[in-house]
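K.L.:
Make a model of this:
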Amino acid sequence: MQWLIVLPQLPASPSTLRVMVWRRMRDAGALGMQNGVWMLPDTDKQLQFIQELRAYLDEHDASSFVFNANTVDEELEEEMLERLRVERDEEYAEFIERCNVLLDDLEQETQQGKFSYAELEEAEVDLGKLEGWWQKCTARDFVGGHRRQEALEKLDACRNDYQGFANAVYAHHGVGTPPATQRNSEIPG
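P.N.:
Predicted structure coming up:
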């Protein structure tokens with residue numbers, strides 16, 4: 001795999017620029033190496049991201065160096081890929097935890113007969129956050145995290161349980177069956 005190696009040259013203070021670079025690189029799925037060195041797969045999307053970051057740094061009196069690189073052997077290449085998988089799997093594990101919280105909440109509300117519109121709206125907001133996070137997770141998953149499928153199955157369970165809860169809320173209020181949420185049809189699995 002071709003890699004982009006990014007070496008931001010940032011002033012020691014203020015720290016806000018360092019934090020911003022760290023956050024943007026993490027959001028992009030970059031692998032932090034040592035001493036502020038970052039690695040990303042060399043794709044058009046990642047190159048565009050790096051060019052935008054470099055322009056931002058230039059505007060703030062900072063700079064960066066970017067290089068194309070290859071690993072020197074297959075063992076090192078697999079180590080880098082595995083580090084990326086581990087980072088994604090950690091994120092998928094957190095995602096699965098949050099899915100379980102929503103599933104537990106929906107089950108508890110159902111068992112307690114709390115079929116209010118307020119509870120439905122709260123669940124919809126939580127599901128929306130999960131779906132947004134899913135999009136970010138998969139965009140950062142360059143190498144196929146081991147827990148990706150498990151995370152998708154949990155999200156699908158959340159979608160299904162949410163729809164079941166929505167049906168129960170509408171039935172409880174005598175409104176009939178709600179339309180299927182747009183979210184289910186718009187967000188690919």
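K.L.:
show me what contacts the closest residue to Glu107 other than its chain neighbours?
P.N.:
Leaving aside its sequence neighbours, Glu107 sits nearest to Asp161 (Cβ to Cβ, 6 or more residues apart in numbering; 7.5 Å). No exception for glycine: its C-beta is placed from N, CA and C like everyone else's. Counting by Cβ atoms under 8 Å, 6 or more residues apart in numbering, Asp161 touches 102-103, 106-107.
K.L.:
So which of those wins on neighbours?
P.N.:
In terms of neighbours by other Cβ atoms under 10 Å, the contacts of Asp161 top out with Leu106 at 24 neighbours.
K.L.:
May I ask which helix or strand encompasses that one?
P.N.:
helix 74-111 (DSSP states H and E).
K.L.:
quick one: that helix to chain centroid distance?
P.N.:
Chain-centre distance of helix 74-111: 10 Å, with Cα atoms, centre = their mean, to the nearest Å.
K.L.:
Which strands and helices lie in contact with that helix?
P.N.:
Here helix 74-111 touches strand 31-32, helix 117-140, helix 148-172, going by 3 or more Cβ pairs under 8 Å, 6 or more residues apart in numbering; DSSP states H and E.
K.L.:
check contacts around Cys158.
P.N.:
By Cβ under 8 Å, 6+ apart, the contact list for Cys158 reads 99, 102-103, 106, 127, 130.
K.L.:
Val6 versus that one, what's the distance?
P.N.:
Distance, Cys158 to Val6, using Cβ to Cβ, to the nearest Å: 35 Å.
K.L.:
repeat for Ala55
P.N.:
If you go by Cβ to Cβ, the gap between Ala55 and Val6 works out to 14 Å.
K.L.:
Between those two, which has more neighbouring residues?
P.N.:
Counted by other Cβ under 10 Å, Ala55 and Val6 do not tie: Val6 has more neighbours, with 24 against 9.
K.L.:
just checking, that one is part of a strand?
P.N.:
Yes: looking at Val6 with DSSP: H, G, I helix; E, B strand; the rest coil, it is inside a strand.
K.L.:
Spatially, what comes nearest to it if we skip its sequence neighbours?
P.N.:
Spatial nearest neighbour of Val6, excluding adjacent residues (Cβ to Cβ, 6+ apart): Trp38 at 4.3 Å.
K.L.:
For the one you found, list each beta-bridge partner.
P.N.:
Under the criterion DSSP bridges, Trp38 forms beta bridges with Val6, Gly32.
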